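1. please work out how this folds:
(one chain, ligands or ions: 1)
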Amino acid sequence: MKIEVHDGNFFYAKKKRDVAPFIYGTDINFTLEPGHIMAILGPNGAGKTTLLKCITGLHDWKKGTTLVDGQPINKWSQKELWKHIGYVPQAHKMVFGFSIEELVVMGRAPYISSLAQPKKEDYEAAHKALEEVGILHLAKKSCNHVSGGELQLALIARTLVSNPKVLILDEPESHLDIQKQVIILQTLKRLAKEHNISCIINTHYPNHAFYLADQVLMIAKEKKAVCGTVAETMTESRMREYFNIELRKILYDQDDYVFETMIPTELATQREAVECRFNDFDHV
Ligand SMILES: Nc1ncnc2c1ncn2[C@@H]1O[C@H](COP(=O)(O)OP(=O)(O)OP(=O)(O)O)[C@@H](O)[C@H]1O
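-> Predicted structure coming up:
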């Protein structure tokens, strides 16, 4: 699905009629084509979570609008809209009285009539999604007895079973170990490219944006909201301006692959380069 935001801006108000300064330094504008991935980057408190809620209509924009496939979001019926949108909020250690399998089966709700019980095919879809994110072995375990990262993976699997056309993810990789992060990033990229699912993902990891994103939206308090390709947006100077930190962009290519990363200059070490150059058994 195509997602567009035109001149969106927002503020939190204590009472309905109150006004307050807008959160975003300039209005938010972007178009996300079907099957494309947009990463939202910005410092803590910049308004990334708020932005996801405004984009999906969970918060009403104070200004501007979201269009979904060309139609203003408030013209969509909630039921129809949420059939297409999968939303994975930030992981909190919630207490669920369910097993992981039951949690994921709940994601089939759009396909199950309100009084019916989940069927064999619903459980099969849940198992497939759990396998996809690498935690099928936890299917029977209680949600209360898994780690935060495992619960996060289950919440992603719950979204996948409803066959969404849009995936909105709020820092889905933040509690995961490095191997699970890769599973999530690869799964998202595959879903976007093979199933034409549009993805919007909040992340604190520049590397993940380099790997995933077709476009990046960068925000920070009192700064212009900028949207463009990864190369246009994630420059050393913009990162300095928006994150108030000096970073070096490192490019390394090997066997037709490019490794792109950004490292804070403060984290550079003063060891002899020759000590760092080799790893594993190369140096023996
Ligand atoms: N319900 C709320 N009422 C009032 N202010 C809020 C509310 N939720 C968030 N805020 C404020 O709005 C601003 C943006 O918050 P938001 O959670 O969207 O930022 P974020 O970029 O997602 O942060 P982080 O990277 O730390 O998760 C912050 O200053 C926050 O304190």
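
2. what residues does the stretch 51-200 of the chain put near the ligand?
-> Taking Cβ under 6 Å from any ligand atom, no part of the stretch 51-200 of the chain reaches the ligand. C-beta here means a position set from N, CA and C on the backbone, and glycine is covered the same way.

3. show me where the stretch 51-200 of the chain has helices.
-> Remark: helices assigned in the stretch 51-200 of the chain by DSSP state H, counting those that start in this stretch are 78-84, 100-105, 120-132, 148-160, 178-195.

4. now residue 254: phi and psi?
-> Here is the backbone geometry of residue 254 (degrees, to the nearest 10): phi -150, psi 130.

5. what are the bridge partners for it, then?
-> Here residue 254 sits in beta bridges with residue 257, going by DSSP bridges.

6. quick check, residue 47 in contact with residue 10.
-> Yes. In this structure, residue 47 is within contact of residue 10 by Cβ atoms under 8 Å, at 7.5 Å.

7. which of those two has more neighbours?
-> Per other Cβ atoms under 10 Å, whichever of residue 47 and residue 10 has more neighbours is residue 47, with 25 against 22.

8. please report how far residue 27 lies from the ligand.
-> Residue 27 sits 16 Å away from the ligand, going by Cβ to the nearest ligand atom, to the nearest Å.

9. my guess is that residue contacts residue 7. True?
-> Yes. Using Cβ under 8 Å, residue 27 is in contact with residue 7, at 4.3 Å.

10. joint contacts of the two?
-> Residues touching both residue 27 and residue 7 by Cβ atoms under 8 Å, 6 or more residues apart in numbering: 63-64.

11. who has more neighbours, the two?
-> Taking other Cβ under 10 Å, residue 27 and residue 7 do not tie; residue 27 has more neighbours (17 against 12).

12. in contact with the more buried one, which residues?
-> 7-9, 63-64, 225.

13. again with residue 173
-> Going by Cβ under 8 Å, 6+ apart, residue 173 touches 180-181, 184-185, 203, 205, 208.

14. the same query, at a cut-off of 10 Å, please.
-> The contact partners of residue 173, by Cβ atoms under 10 Å, 6 or more residues apart in numbering, come to 91, 149, 152-153, 156, 180-185, 188, 201, 203-205, 208.

15. list buried residues within those.
-> Among the contacts of residue 173, those scoring as buried are 91, 149, 152-153, 156, 180-181, 183-185, 188, 201, 203, 205, 208 (criterion: 16 or more other Cβ atoms under 10 Å).

16. Throw the helices of the stretch 51-200 of the chain into JSON lines and include mean pLDDT, thanks.
-> As requested, the helices of the stretch 51-200 of the chain are exported to JSON lines (pLDDT from 0 to 100):
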{"stretch": "helix 78-84", "mean pLDDT": "88"}
{"stretch": "helix 100-105", "mean pLDDT": "93"}
{"stretch": "helix 120-132", "mean pLDDT": "92"}
{"stretch": "helix 148-160", "mean pLDDT": "86"}
{"stretch": "helix 178-195", "mean pLDDT": "88"}
